[in-house]
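Chemist: Model the structure of this input:
(2 chains)
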Number of protein chains: 2
Amino acid sequence: MPRIAYFGPEGTFTEQATRAFLGDPPSDTRPAPPDSALRPVETIAAALDAVRAGDAEAACVPVENSVEGSVAATLDALVAGDPLVAVAETVLPIRFTVLVRPGATPADIRTVATHPHAAAQVRGWLAEHLPSAAVLPSSSTAAAAVGVLAGEFDAAVTAPAAAERYPLAVLAADVADVRDAVTRFLLVRRPGPLPARTGADRTSVAAVTADRIGALSEVLTVLAGHGINMTRIESRPTRNRLGEYRFFVDFEGHVADERVGDAMAALRRRCTEVRFLGSFPRADQAPNTVVPTTSDEDFLAARRWLTSVREGREA
Amino acid sequence: MPRIAYFGPEGTFTEQATRAFLGDPPSDTRPAPPDSALRPVETIAAALDAVRAGDAEAACVPVENSVEGSVAATLDALVAGDPLVAVAETVLPIRFTVLVRPGATPADIRTVATHPHAAAQVRGWLAEHLPSAAVLPSSSTAAAAVGVLAGEFDAAVTAPAAAERYPLAVLAADVADVRDAVTRFLLVRRPGPLPARTGADRTSVAAVTADRIGALSEVLTVLAGHGINMTRIESRPTRNRLGEYRFFVDFEGHVADERVGDAMAALRRRCTEVRFLGSFPRADQAPNTVVPTTSDEDFLAARRWLTSVREGREA
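Modeler: Down below sits the predicted model:
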């Protein structure tokens, strides 16, 4: 069984993210994973379904890009079948490599191929460095590299991973009009033991609220009342009923934290549907904020007091 | 001056939306707009900047697709320069037309070109109807049609608008794996007189809240307290500061409604930045919900009473 199915093809940013989850780059104590551990699949939904069907242990999918926004296909596919949970995230800087056939110089480049999304992110660089080259679309950045190998195009704008996979020369690396563009990827598994909490965690949930004014505001008030800092929110129409929305919310903390657990149980009561999408260490390792009155000890002390009150030992 | 700049090229869904804003299809009393009224531009940001610079009266841009989600480029470009406001929306069903050279039959089709987004939405149809055709990427659905004309591809999956623009034959129309896929487009202008309220309006705002727990929850509580029904919410990181987010919120009602105006003023006090992105008639003409205690008369009566109290005439 391949360990990880990912949204392919090979040589893309998603393959790079998958290798990051597996512990690439290799070190003295950690060998590179064999290629058989990875399986590229054609769509995001297929990667997640491979995990649901037991054909892969885990799936690596993009969830959010700082330029393009959320990856709707991932959000929709996460809630469209049996439950899956994210157990890790990784954030890749989106900087491109320009590949050419060995020996080619900028003057030789009449055509540059890449995926339209990538083209949009290197438009300025191409205008400056290869102003007379025609930009042609490819179905993926990796397909552009294959096209250069086959002599169809003179250059390809690709993920750095493609430079290792194909016998092409690097004309330029670290190419990006927006310097800080990043994509966040999730490693997703079937439900099972959760990653240990680290104090620098993120929790992700999908919730459908009752279709009435203020329902979402109540949910967010629950999170705020528990001192929980949201890091992302997005509504997506459900396919069930016009005017019904599902909210994808990411927030700081781990479901094992008392404040998060308490808030999640309150969400469960208030929402018509809640799906836990995972608690996992934040890629940036930024420690979670714990505001006064919301530490584990605060919650446990309050519960001890309540027990005493109910048993007539305190008041 | 062209009347409308749109995210081109010609023959795409965005051109179709632009024509819808101009009153296409023509009727006995309403002639089709001359082509000089429309100007395709290369990016969403360029369409909005043409309006800011006074090079176009208005811009037509996609804002949300039911399959792909929000169009992040539009959200970001709306807040990245001088203020602009949406004055109308239109919703197009995303159904594709398959164009071939006149006389061609399915057996002749060895290659089908289209934009990768479109390819993702007709994958099932192609597998069923043209199983042996190779699917090739193009930079837009319209570019695919041009490629068929030039003999580069045998078929193109395009917007219906392309069938009118290019001398090609329709092999199939109304093609879509997801039957109810729609894209919502906005018509955007420089600030000026607002569209009249119709009682079936939508208002769009972008707000940056203070970077503290509960700030967004307070904003939504204000909307809920005014009986305002949200129809969309999405966070986008601001480029200014790590952990700072901008929320794009759409809700029912017109800024001329008392409840909406009162809530907007409260938002203005609470947020570090609020940008009004427009009040305009909903494309679906669904009447706005007005819950008891939030009608214009309720607000006006309360204000009259407050004036009386302050003047010592009532208590």
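
Chemist: If you count neighbours, what's buried in stretch A:256-272?
Modeler: For stretch A:256-272, the neighbour count (16 or more other C-beta atoms under 10 Å in any protein chain shown) marks A:257, A:258, A:259, A:260, A:261, A:262, A:263, A:264, A:266, A:267, A:270, A:271 as buried. Every residue, glycine included, has its C-beta placed from N, CA and C.

Chemist: Can you tell me which of the residues you listed comes closest to chain B?
Modeler: residue A:259 (10.9 Å; C-beta to the nearest C-beta).

Chemist: Checking my notes, the closest one in a helix, right?
Modeler: Yes: Residue A:259: assigned to a helix according to DSSP: H, G, I helix; E, B strand; the rest coil.

Chemist: That one contacts residue A:228, doesn't it?
Modeler: Yes: look at residue A:259 against residue A:228 with C-beta atoms under 8 Å: they come within range, at 6.3 Å.

Chemist: any common contacting residues for these two?
Modeler: Residues touching both residue A:259 and residue A:228 by C-beta atoms under 8 Å, 6 or more residues apart in numbering or on different chains: A:253, A:294.

Chemist: where does the stretch 101-250 of chain A come near chain B, residue by residue?
Modeler: Taking C-beta under 8 Å from any C-beta of the partner chain as the criterion, the neighbours of chain B within the stretch 101-250 of chain A are A:115-116, A:119-120, A:123, A:135-139, A:143, A:180, A:213-214, A:216-218, A:220-221, A:223-225, A:227-237, A:243, A:245, A:247.

Chemist: Let's see which of those end up in helices.
Modeler: Mapping those onto helices (DSSP state H) picks out A:116, A:119-120, A:123, A:143, A:216-218, A:220-221, A:223-225.

Chemist: filter these to the buried ones?
Modeler: Buried, going by 16+ other C-beta under 10 Å: A:116, A:119, A:120, A:143, A:216, A:217, A:218, A:220, A:221, A:223, A:224, A:225, out of those.

Chemist: re the thing from before, could the ones in helices among the residues of the stretch 101-250 of chain A next to chain B go into a markdown table alongside pLDDT?
Modeler: Listed next are these as a markdown table, based on pLDDT from 0 to 100:
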| residue | pLDDT |
| --- | --- |
| A:116 | 81 |
| A:119 | 89 |
| A:120 | 83 |
| A:123 | 89 |
| A:143 | 91 |
| A:216 | 91 |
| A:217 | 92 |
| A:218 | 91 |
| A:220 | 93 |
| A:221 | 93 |
| A:223 | 95 |
| A:224 | 94 |
| A:225 | 93 |
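
Chemist: Could you single out the nearest of those to residue A:49?
Modeler: Of all these, residue A:49 sits closest to residue A:143, with 23.0 Å by C-beta to C-beta.

Chemist: all helices for the stretch 51-200 of chain A, in order.
Modeler: Applying DSSP state H, counting those that start in this stretch to the stretch 51-200 of chain A gives helices spanning A:72-79, A:116-129, A:141-149, A:160-165.

Chemist: Deepest in the core, which of the ones you listed is it.
Modeler: helix A:141-149 (a mean of 24; mean count of other C-beta atoms under 10 Å in any protein chain shown).

Chemist: Need the contact partners of it.
Modeler: Outside of helix A:141-149, the residues within contact range by C-beta under 8 Å, 6+ apart are A:8-13, A:96, A:99-101, A:113-115, A:118, A:138, A:153-159, A:162, A:165-168, B:137.

Chemist: Distance from that helix to the middle of the chain?
Modeler: Centroid displacement of helix A:141-149 relative to its chain, using C-alpha atoms, centre = their mean, to the nearest Å, is 25 Å.

Chemist: repeat for stretch A:52-68
Modeler: Mean C-alpha position of stretch A:52-68 versus that of the full chain (C-alpha atoms, centre = their mean) differs by 7 Å.

Chemist: wait, does that stretch contact chain B?
Modeler: Yes: using C-beta under 8 Å from any C-beta, stretch A:52-68 reaches chain B at A:65, A:66, A:67, A:68.

Chemist: Next step: those restricted to strands.
Modeler: residue A:65 (DSSP state E).

Chemist: for the stretch 1-150 of chain A, which spans come out with low pLDDT?
Modeler: Of all residues in the stretch 1-150 of chain A, those with pLDDT under 70 make up the ranges A:1-2, A:24-35.

Chemist: do the stretch 151-300 of chain A as well
Modeler: A:242.

Chemist: so what's the residue most central in space within chain A bridging to?
Modeler: Geometric centre of chain A, nearest residue: residue A:185, 2.6 Å, by C-alpha atoms, centre = their mean. Beta-bridge pairing for residue A:185 (DSSP bridges): residue A:62, residue A:90.

Chemist: Send me the helix or strand that contains residue A:48 as PDB with only the CA atoms.
Modeler: For residue A:48, the host element (DSSP states H and E) is helix A:44-52. Only the C-alpha atoms of helix A:44-52 are listed here, as PDB (Å, rounded to 0.1, in the frame of the first residue of the first chain):
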ATOM      1  CA  ILE A  44      -8.000  16.300  -4.900                       C
ATOM      2  CA  ALA A  45     -11.200  14.300  -4.400                       C
ATOM      3  CA  ALA A  46      -9.400  11.100  -5.700                       C
ATOM      4  CA  ALA A  47      -6.500  11.600  -3.200                       C
ATOM      5  CA  LEU A  48      -9.000  11.800  -0.300                       C
ATOM      6  CA  ASP A  49     -11.100   8.900  -1.600                       C
ATOM      7  CA  ALA A  50      -8.000   6.700  -1.800                       C
ATOM      8  CA  VAL A  51      -7.600   7.200   1.900                       C
ATOM      9  CA  ARG A  52     -11.300   6.500   2.600                       C
END
